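**Student:** Whatever this is, show me its structure:
(chains A, B and C)
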Amino acid sequence: IDSLHELSWEAEPALSLPTLVVVEEPKDRGMRFRYECEGRSAGSILGASSSESSKTQPAIEKVKVTVSLVTKDIPHRPHPHCLVGKDCPHSSLIKLIHIFSFANLGIQCVRRKELEASLQKRRSLNIDPFQTDLSRGIEDIDMNAVRLCFQCELEWEDGKKDCLKPVVSKPIYDKKATTTSQLKITRLNLDRGPCTGKTEVYMLCDKVQKAHPGIVEDCTQGSGHPALSLFGQSLG
DNA sequence: GGTTCCGTCCC
DNA sequence: GGGGACGGAAC
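**Tutor:** Reported below is the predicted structural model:
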């Protein structure tokens, strides 16, 4: 991830431990989750405010950080999909002391048949940031959305260790899935018309979600009522 | 039996 | 590395 996740060293009064703060969220859309069978890297998740000219990196100091995927909804359970990248031998990434960046991470989705096995593997790595029940079913896990979860272990001068509370990013959605992808206008015959109405506007869209009627509100009339009703058509 | 989704292939 | 195509599975 080319996003900046930084440690805040302001101590919590009771614990006198630093807290983890996500200062740059991952870009939530625009990346397609990739299957392992595609035999390629899964790309690099950009930071939400990343631009062509400036790419940010996570900044971490004197800590051991584990990054893994968890479910979008609370409680954040381990997600069967895997984090992949150069530094990711497993479905999660463990960074040791003095490593600063989390570049080139992608999300590799797991086949339906292999979901259980994937979670079993995560269990064997002992990664369950929020101590949820790993044996629970996978029926209610959204396969088109994940969050990054950052865990941090501090090692003090005297060798003692402390675990910080894990933090999660905002959700990251699969670009390929119709349910989570952004509505895309593929054709539009007009982009304006008189406020007296009666102008027919045709709009063809890709990635139309079933759950949404595809209504665009015309704010110029101030009523808040939909002024245009558009029929979406999936071109797929 | 039609439609949507999944997993894979390939440009 | 982004994204379309497509066959078969699932709904």
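
**Student:** Around DNA strand B, which positions in chain A sit nearby?
**Tutor:** Within chain A, the positions near DNA strand B by CB under 7 Å from any atom of the strand are A:35-38, A:40, A:109, A:111-113, A:143-144, A:177-179, A:210, A:234. C-betas here are computed from N, CA, C, even on glycine.

**Student:** ok, and of these, which contact DNA strand C?
**Tutor:** A:38, A:40.

**Student:** Which one of the residues of chain A next to DNA strand B sits in the busiest neighbourhood?
**Tutor:** Tallying neighbours with other CB atoms under 10 Å puts residue A:109 at the head of the residues of chain A next to DNA strand B, with 25 neighbours.

**Student:** Please point out which parts of the top strand by length along chain A sit buried.
**Tutor:** Determined from DSSP state E, the single longest strand within chain A is strand A:145-155. Residues A:145-152, A:154 are the ones in strand A:145-155 that count as buried (16 or more other CB atoms under 10 Å).

**Student:** follow-up on the earlier one: nearest to residue A:194, of the residues of chain A next to DNA strand B?
**Tutor:** residue A:234 (30.5 Å; CB to CB).

**Student:** Please report how far residue A:140 lies from residue A:170.
**Tutor:** For residue A:140, the distance to residue A:170 (CB to CB, to the nearest Å) stands at 20 Å.

**Student:** Same check on residue A:112?
**Tutor:** 26 Å.

**Student:** Show me where chain A has its helices.
**Tutor:** With helices called from DSSP state H, chain A shows them at A:115-124.

**Student:** According to the record, where do the domains of it fall?
**Tutor:** What the record gives for chain A is the domain set A:5-173, A:184-229, from automatic domain parsing.

**Student:** which of the ones you listed has the lowest average pLDDT?
**Tutor:** Sorting these by mean pLDDT places domain A:184-229 lowest, at a mean of 60.

**Student:** Quick check: residues of chain A near DNA strand C?
**Tutor:** A:30-32, A:38, A:40-41, A:43-44, A:104, A:175, A:236.

**Student:** make it 6 Å
**Tutor:** Residues of chain A lying close to DNA strand C by CB under 6 Å from any atom of the strand are A:32, A:40-41, A:43, A:175.

**Student:** higher neighbour count, residue A:140 and residue A:170?
**Tutor:** Using other CB under 10 Å as the criterion, residue A:140 and residue A:170 rank with residue A:170 on top: 14 against 9.

**Student:** surely the more buried one meets residue A:146?
**Tutor:** No: using CB atoms under 8 Å, residue A:170 is not in contact with residue A:146, being 10.7 Å away.

**Student:** This completes my enquiry, with thanks.
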